[in-house]
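Chemist: have a look at this prediction, sequence included:
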Amino acid sequence: MARVLVVDDDPDTAETFVRLLASWGHRAEPCLCGPAALALAAAFRPDVALVDLSMPGLGGASVARLLARGLGLRPRLLAMTGLPPALVPAADAAVFDRVLYKPVEPAELRALVAGAVHQEQP
């Protein structure tokens, strides 16, 4: 079982991912904005952070950077975006272990989350 932080400003998207992850036996917690995600992550200590790149305010890449640097956490960082690959800034994509394009392929997500459980933490 992995602890997965799902960060998306769209409540329906966040809830859909939480339910999908729970159906696979993972513990998933939703957050609708970057600041809330950082606050929850400090206590939740996620194995995986599934973060929407395009959020108002504190964007997905900033959330990922702050998880790793500010909180000293190193979950597997997965970005998700509705943008086409050519429009995803390379600097933002580089912060993440993988960028997933919406609609996210469930089998790919399942494998990435399962792999995080076996990943050695630094």
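Modeler: On my side now, so go ahead.
Chemist: where do the strands sit along this structure?
Modeler: 3-7, 27-31, 48-52, 76-81, 98-101 (DSSP state E).
Chemist: as TSV, the ones you listed with mean pLDDT, mean neighbour count and distance to E15 would be great.
Modeler: All C-beta atoms are positioned from the backbone trio N, CA, C, and that covers glycine. TSV is the format used below for those (pLDDT from 0 to 100; neighbours: other Cβ atoms under 10 Å; distance: least, Cβ to Cβ, whole Å):
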stretch	mean pLDDT	mean neighbour count	distance to E15
strand 3-7	98	26	9
strand 27-31	98	20	6
strand 48-52	97	27	13
strand 76-81	97	23	14
strand 98-101	98	16	17
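Chemist: measure stretch 95-108 end to end?
Modeler: 19 Å (Cα to Cα, to the nearest Å).
Chemist: what's the spacing between V4 and P89?
Modeler: To P89, V4 is 24 Å away according to Cβ to Cβ, to the nearest Å.
Chemist: again with E108
Modeler: Going from E108 to P89 by Cβ to Cβ gives 22 Å.
Chemist: same check, this time on E15
Modeler: Going from E15 to P89 by Cβ to Cβ gives 27 Å.
Chemist: so for the two, which sits in the more crowded spot?
Modeler: Taking neighbours as other Cβ atoms under 10 Å, E15 and P89 compare with E15 leading, 15 against 12.
Chemist: tell me the contacts of the more buried one?
Modeler: Contacts for E15 (Cβ atoms under 8 Å, 6 or more residues apart in numbering) come out as P30.
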